[in-house]
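1. only geometry, no sequence info:
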């Protein structure tokens with residue numbers, strides 16, 4: 001490690017929920033449940049790979065203050081879906097490569113799309 005980073009660098013968090021044709025209904029339930037329970041910003045459905053993401057997904061953005069509520073809730077209610085959680089520090093490569101939390105299987109991201 002080259003040095004300590006301040007937590008204040010975290011502007012927010014993103015959760016990327018991955019789905020496929022067989023799990024889209026579960027992903028829709030999770031999306032609706034998140035919107036109903038938390039003050040989050042939910043992005044568009046992407047039914048194909050977009051940016052570094054290897055498959056269909058949508059993004060959920062939330063403030064640091066909600067991390068302790070949203071991430072445990074996702075861990076218990078993701079319905080077998082894979083969810084990537086990462087901070088938004090304004091530095092997308094390390095945010096998606098080094099500062100990630102995976103709920104479910106770790107997927108390979110196309111980090112070249114962020115460079």
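-> Received it, and whenever you're ready, just let me know what you need. Keep in mind that what you see is a predicted model, and the values were worked out from it rather than measured. Numbering: from 1, shown residues only.
2. and the residue nearest to residue 103 when sequence neighbours are not counted, which of the three is it?
-> The spatial neighbour of residue 103 that comes closest, neighbours along the chain excluded (C-beta to C-beta, 6 or more residues apart in numbering), is residue 83 at 4.2 Å. Using the backbone N, CA and C atoms, a C-beta is placed for each residue, glycine as well. Judged by DSSP: H, G, I helix; E, B strand; the rest coil, the three-state class of residue 83 is strand.
3. quick one: buried residues of the lowest-mean-pLDDT helix or strand in the chain?
-> None of the helices or strands of the chain scores lower by mean pLDDT, DSSP states H and E than helix 92-97, at a mean of 95. Burial within helix 92-97, assessed by neighbour count using 16 or more other C-beta atoms under 10 Å, is assigned to 92, 95, 96.
4. After that helix, which helix or strand is next?
-> Sequence order places strand 101-103 as the next helix or strand after helix 92-97, per DSSP states H and E.
5. Could you save the buried residues of helix 92-97 as a markdown table and add columns showing distance to residue 71?
-> Supplementary listing: the buried residues of helix 92-97 in a markdown table, determined by distance: C-beta to C-beta, whole Å:
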| residue | distance to residue 71 |
| --- | --- |
| 92 | 20 |
| 95 | 15 |
| 96 | 17 |
